[in-house]
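Asker: A structural model of the following input is requested.
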Amino acid sequence: MKYKIYRIIHLVLTGMITIPITLFVASGGLGENFTGNVFVYPQFLLVIVVWTIGAVLSFNRKTAKYGLIISALPPVFFIGNIIFAFLKFGVLN
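Answerer: Next up is the predicted model:
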């Protein structure tokens, strides 16, 4: 029973991190140029597909552990990029 609760909490938390950040980046939230046009990058929506595959796999008894690992990859990617950017550009120094 505890594993089922953990799985739901895990998927909700990773989904809350993955989906908004992915939609923001894919819609061109960071990609304005000097002409005022936005660089839309819809290929970035594949990150949501990876998270969804992990979420679906986590509900099968045989692939539950792999599903949780796969669904945790996008938030780890985003958090890693944010920490790398802070360290590279000296925000945390």
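Asker: So, low pLDDT: which residues of this protein?
Answerer: Low-confidence segments of the chain (pLDDT under 70): 29-39, 91-93.
Asker: Mind doing that once more with 80?
Answerer: 1-3, 27-42, 90-93 (pLDDT under 80).
Asker: so where do the helices sit in it?
Answerer: Taking DSSP state H as the test, the helices found in the chain are 2-26, 46-57, 64-88.
Asker: Which of those sits closest to residue 40?
Answerer: helix 2-26 (7.3 Å; CB to CB). C-beta: built from backbone N, CA, C; applies to glycine.
Asker: Tell me how far that closest one lies from the chain's centre.
Answerer: Taking CA atoms, centre = their mean, to the nearest Å, one finds helix 2-26 lying 8 Å from the centre of the chain it belongs to.
Asker: Contact partners for residue 4?
Answerer: Residue 4 sits next to no residue when contact means CB atoms under 8 Å, 6 or more residues apart in numbering.
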